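J.: all I have is the shape, not the residue letters:
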Ligand code: ATR
């Protein structure tokens with residue numbers, strides 16, 4: 001999605017994928033910095049490892065405890081740091097690596113754009129409490145969700161996450177388990193578990209505990225397959241549905257905006273993602 005976007009912006013840049021062993025991440029970041037790279041994206045397990053390897057953490061990376069985007073910055077004559085893209089073609093001195101996290105914004109933008117949700121005041125049945133689930137649940141609370149019902153196979157992890165949400169965002173009501181009133185409606189069911197990735201996976205939702213006809217919208221973080229069994233059931237129950245492609249898209253759009261200082265051509269990026277991921281289907 002980045003290469004077509006950069007072409008659309010008229011930038012003579014290239015986005016490349018490189019495999020880096022975890023114990024060589026520090027060298028890889030230093031090498032990119034030395035070679036004048038504009039930025040980097042990191043994926044697991046590097047998102048956590050990078051926290052200790054970069055020069056400056058943006059509030060987003062600090063807040064979510066992970067780095068998925070690095071922007072190399074240069075120090076101007078006035079002492080202010082600016083993205084290296086602003087200094088291309090000029091001589092520049094000191095460079096630093098600044099770490100951001102655009103994953104959390106990716107989640108909220110996908111929910112807003114793909115499901116038309118206003119996050120303030122939302123009641124959510126939240127499935128999963130792993131790495132991605134933790135950030136999404138905290139971000140929903142930060143954005144003013146009214147109530148989160150946390151369900152996870154390992155209940156202790158849901159309880160731990162509930163505690164963290166309550167400590168950080170006390171205005172959001174949090175409980176562990178399904179909504180007690182089984183006929184009670186929720187605005188959103190969000191799947192952050194990996195159930196649905198593989199053929200034959202069980203549903204991430206216990207239908208004896210919650211009937212999808214009580215949900216307005218269902219979001220599945222999985223985007224491959226495009227329609228998981230959960231989304232198929234939700235569609236049949238009349239819910240608005242969206243898969244996780246929007247999360248991938250929006251975290252990328254935010255990263256591109258950090259590197260370029262320009263608005264990302266989101267539709268070009270979405271088309272490229274759809275062609276790349278679902279092109280053969
Ligand atoms: P990610 O980084 O994608 O969030 P993760 O941290 O491994 O990956 O989290 C995976 C999530 O899927 C967890 O909520 C996990 O439940 P546990 O905390 O109990 O491990 C959930 N999950 C994975 N396999 C599952 C299964 N077979 N049944 C139920 N939940 C499952």
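T.: Sure thing, it's come through. In this text the structure is predicted, and so the values were computed from the model without any measurement.
J.: shaky segments in the stretch 101-250 of the chain?
T.: Applying pLDDT under 70 to the stretch 101-250 of the chain picks out residues 182-183.
J.: need the helices for the stretch 51-200 of the chain, in chain order.
T.: 59-64, 103-115, 131-142, 155-168 (DSSP state H, counting those that start in this stretch).
J.: closest to the ligand out of these?
T.: helix 131-142 (3.3 Å; Cβ to the nearest ligand atom). C-beta coordinates here come from the backbone N, C-alpha and C atoms, glycine included.
J.: wait, does that closest one make contact with the ligand?
T.: Yes - Helix 131-142 is in contact with the ligand by Cβ under 6 Å from any ligand atom, via 131-133.
J.: which one of the residues in the stretch 1-150 of the chain is closest to the ligand?
T.: Residue nearest to the ligand within the stretch 1-150 of the chain (Cβ to the nearest ligand atom): residue 130, separated by 1.9 Å.
J.: count the neighbours of that residue for me.
T.: By other Cβ atoms under 10 Å, 16 other residues sit near residue 130.
J.: over to residue 142?
T.: Based on other Cβ under 10 Å, the number of other residues close to residue 142 is 18.
J.: and the one 5 residues further on, by the same measure?
T.: Residues lying near residue 147 (other Cβ under 10 Å) number 17.
J.: where do the strands sit along this structure?
T.: Assigned strands in the chain, in chain order: 39-41, 56-57, 69-75, 81-83, 95-100, 123-127, 147-151, 173-176, 186-191, 215-220, 240-242 (criterion: DSSP state E).
J.: need these in JSON lines (columns: distance to the ligand).
T.: Output for the strands of the chain, formatted as JSON lines (distance: least, Cβ to the nearest ligand atom, whole Å):
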{"stretch": "strand 39-41", "distance to the ligand": "16"}
{"stretch": "strand 56-57", "distance to the ligand": "20"}
{"stretch": "strand 69-75", "distance to the ligand": "17"}
{"stretch": "strand 81-83", "distance to the ligand": "28"}
{"stretch": "strand 95-100", "distance to the ligand": "18"}
{"stretch": "strand 123-127", "distance to the ligand": "8"}
{"stretch": "strand 147-151", "distance to the ligand": "9"}
{"stretch": "strand 173-176", "distance to the ligand": "13"}
{"stretch": "strand 186-191", "distance to the ligand": "9"}
{"stretch": "strand 215-220", "distance to the ligand": "12"}
{"stretch": "strand 240-242", "distance to the ligand": "18"}
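J.: so which of those strands comes closest to residue 116?
T.: strand 240-242 (7.3 Å; Cβ to Cβ).
J.: what's that closest one in contact with?
T.: Residues outside strand 240-242 that contact it (Cβ atoms under 8 Å, 6 or more residues apart in numbering): 110-111, 114-116, 216-220, 227, 231, 234-235.
J.: out of those residues, which are buried?
T.: Listed as buried from these are 110-111, 114-115, 216-220, 231, 234; burial here means 16 or more other Cβ atoms under 10 Å.
J.: looking at the contacts of strand 240-242, which is nearest residue 171?
T.: Of all the contacts of strand 240-242, residue 171 sits closest to residue 111, with 18.6 Å by Cβ to Cβ.
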